[in-house]
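Enquirer: Compute the structure for the input listed below.
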Amino acid sequence: FYLPDCQYQDYLNASINFLRTPTGNNLSPMNVLSPDNQNMTPLSTGRSYNTQNLETTPSRILTPKAPKADKNSKGLRHFSMKVLQKVQERGKTTYNEVADELVHEFGAKSDNLNQPSYDHKNIRRRVYDALNVLMAMKIIHKEKKEIIWVGLPTNSVQECVQLENKRNQMITNVNAKINLFRNLVLQEICLRNLIDENKNKSIHRDSEDKCKIQLPFAAIVTASNATVDCTVTVPRDHFNFTFDSEYQVYDESDVLRRLGYSNELDSGRCPREKIEQCQSILPRSLHPYVQAIGCCTPEELSELLLSLRYCLIDEHNCERGVSINSPFISKLTQF
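Expert: Residues are numbered from 1 along each chain as shown. So this is what the prediction gives:
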């Protein structure tokens, strides 16, 4: 209980006098403390104090503490939920976008006197920590500076579905790269055959440059009865075509393949002698792929390379390259 200094001194003196009093005298601290016993207020401990002498100076009055701000209002859990919501809404975002939006949001709240103030640096640090937590939980995925929403942890069935979708997406990307690789090999063969043909034609060596077709070029094909409007800029670096019917655009690789410079390698059933001819003009490391391109359609080529990808990786790690008796070559004999 609270006892003022003046009352404490009186109580101390009364206690000393009580101890000095001979045994048998019926004295108590209350009798010696003060004659004004009617102003005494009993306490729960059996003692009493004088309420008239209570000190009421401001220095002795304890002011109540200000209520503490809610810890969740700016804790890591709160910012993690905010960051999770922002990333989920956007799907793909960056750290700066999320941090700037939260700084703007909480900065507007700090303008209100009833709301606690937030430090911008503290907000950005909390956002950075929250992103690391979400990445550790595999809720989000980071690729360089881009943050991608993955999803909340779910049961094993949904996780299997997500993995299956990811696998299908990866297979789609691999098939696109295989198709690009096939087109590049065919383009290389067409250009090398064209170069060899021009070297062998000594008659046309002295021909004028205007009779030669420069690479690269493009061919636009449309109906014979279509109306085509073409406008050209003065430097002749920009052409604008307008068609009243459907049209198709072919680059030099497509034109050369249609003219037969690919040695029928893109047919899917190329004769063996032409496959060997194509292999002779390409590096040895590409020979198995040339044979695969000549024996397979684009769909069969993707399936074959995916099924034998581990064999190709192991054999290309060797210095000798792909051997004739490798599983890759033996698989090609089935086509």
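Enquirer: So which residues of the stretch 101-250 of the chain form helices?
Expert: Assigned by DSSP state H, counting those that start in this stretch, the stretch 101-250 of the chain shows helices spanning 120-136, 156-200.
Enquirer: Quick check: nearest residue in space to Met135, chain neighbours excluded?
Expert: Lys142 (5.9 Å; C-beta to C-beta, 6 or more residues apart in numbering). Heads up, the C-betas are built off the backbone N, CA and C, glycines and all.
Enquirer: Share the number of residues neighbouring that neighbour, please.
Expert: 14 (other C-beta atoms under 10 Å).
Enquirer: The one 10 residues further on now?
Expert: Using other C-beta under 10 Å, Leu152 has 12 neighbouring residues.
Enquirer: coming back round to it: pretty sure the residue nearest to Met135 contacts Ala136?
Expert: No: between Lys142 and Ala136 there is no contact under C-beta atoms under 8 Å: 11.2 Å.
Enquirer: List the contacts of the residue nearest to Met135.
Expert: By C-beta atoms under 8 Å, 6 or more residues apart in numbering, the contact set of Lys142 is 131, 135, 148.
Enquirer: how about the strands of the stretch 201-335 of the chain, start to end?
Expert: Assigned by DSSP state E, counting those that start in this stretch, the stretch 201-335 of the chain shows strands spanning 218-222, 228-232, 239-243, 247-251.
Enquirer: Mind checking these for the one nearest to Cys160?
Expert: strand 247-251 (42.6 Å; C-beta to C-beta).
Enquirer: can you state the direction angle for that closest one and helix 156-200?
Expert: Orientation of strand 247-251 against helix 156-200 (axes from the mean of the first three to the mean of the last three C-alpha atoms, to 10 degrees) gives an angle of 70 degrees.
Enquirer: What strands line up against strand 247-251, and which way round?
Expert: Partners of strand 247-251 in the sheet, by DSSP bridges, are strand 218-222 (antiparallel).
Enquirer: Going by neighbour count, which residues of the partner strand are buried?
Expert: By neighbour count on 16 or more other C-beta atoms under 10 Å, the buried set for strand 218-222 is Thr222.
Enquirer: Report the angle between that strand and strand 228-232.
Expert: 150 degrees.
Enquirer: Using CSV, list the CA coordinates for strand 218-222.
Expert: C-alpha atoms of strand 218-222 as CSV (Å, rounded to 0.1, in the frame of the first residue of the first chain):
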residue,chain,number,x,y,z
ALA,A,218,10.9,-13.1,-97.5
ALA,A,219,8.2,-14.3,-99.9
ILE,A,220,4.6,-13.3,-99.5
VAL,A,221,2.0,-15.7,-101.1
THR,A,222,-1.6,-14.9,-101.7
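Enquirer: My guess is Lys86 contacts Glu101. True?
Expert: Yes: between Lys86 and Glu101 a contact is recorded at 6.2 Å, counting by C-beta under 8 Å.
Enquirer: between those two, who's got more neighbours?
Expert: A count of neighbours by other C-beta under 10 Å puts Lys86 above the other of Lys86 and Glu101, at 20 against 16.
Enquirer: Leaving out sequence neighbours, find the closest residue to that one.
Expert: Nearest non-adjacent residue to Lys86, counting by C-beta to C-beta, 6+ apart: Val98, 4.9 Å away.
Enquirer: Check the average confidence over the helix or strand containing the one you found, would you?
Expert: Per DSSP states H and E: Val98 is located in helix 95-110. Mean per-residue pLDDT for helix 95-110: 79.
Enquirer: what angle sits between that helix and helix 120-136?
Expert: 130 degrees.
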